[in-house]
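Peer 1: below is the sequence, then the predicted model.
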Amino acid sequence: VQLQASGGGLVQAGGSLRLSCAASGITLDTVTTGWFRQAPAKEREGVSCISIKGADTDYADSVKNRFTVFKDNNKNRLYLQMNSLKPEDTAVYYCAAVSRERCGLDMDYWGKGTQVTVSS
């Protein structure tokens, strides 16, 4: 199983980015998937989670109404649309998958991260 996140970069505060996570060796309509992030000197935290069939989503309070998680099962990709970015969103972002109905820091599979940097 491989998960590969991409789409990070440098953006000014108020800008937008869309992260993408390509999956291989696993089909995303059979697992719960999520996005996590880790800022320098901080612990990894959950950002968003989407259920197996995509009907249910969950977000950290800090990103609600700014970020949207969705997936394209035909392309076997997970996405995170990030709008109204803030400097405190700066972190390495990871996609992950798990064979149960909820996300957590103990996900089964993790991708390599993609750096998001938001300048003020």
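Peer 2: Arrived safely, thanks for sending.

Peer 1: surely residue 17 and residue 85 touch.
Peer 2: Yes. Using Cβ atoms under 8 Å, residue 17 makes contact with residue 85 at a distance of 6.7 Å. Using the backbone N, CA and C atoms, a C-beta is placed for each residue, glycine as well.

Peer 1: give me the common contacts of the two.
Peer 2: Common contact partners of residue 17 and residue 85 (Cβ atoms under 8 Å, 6 or more residues apart in numbering): 11, 116.

Peer 1: quick one: the strands in this protein?
Peer 2: Applying DSSP state E to the chain gives strands spanning 2-6, 9-12, 17-24, 32-38, 45-50, 57-59, 67-72, 77-82, 91-98, 109-110, 114-119.

Peer 1: turn the ones you listed into JSON lines, columns for mean pLDDT and mean neighbour count.
Peer 2: Below are those laid out as JSON lines (pLDDT from 0 to 100; neighbours: other Cβ atoms under 10 Å):
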{"stretch": "strand 2-6", "mean pLDDT": "96", "mean neighbour count": "17"}
{"stretch": "strand 9-12", "mean pLDDT": "98", "mean neighbour count": "13"}
{"stretch": "strand 17-24", "mean pLDDT": "98", "mean neighbour count": "19"}
{"stretch": "strand 32-38", "mean pLDDT": "98", "mean neighbour count": "23"}
{"stretch": "strand 45-50", "mean pLDDT": "98", "mean neighbour count": "21"}
{"stretch": "strand 57-59", "mean pLDDT": "97", "mean neighbour count": "15"}
{"stretch": "strand 67-72", "mean pLDDT": "97", "mean neighbour count": "18"}
{"stretch": "strand 77-82", "mean pLDDT": "98", "mean neighbour count": "22"}
{"stretch": "strand 91-98", "mean pLDDT": "98", "mean neighbour count": "23"}
{"stretch": "strand 109-110", "mean pLDDT": "96", "mean neighbour count": "16"}
{"stretch": "strand 114-119", "mean pLDDT": "98", "mean neighbour count": "17"}
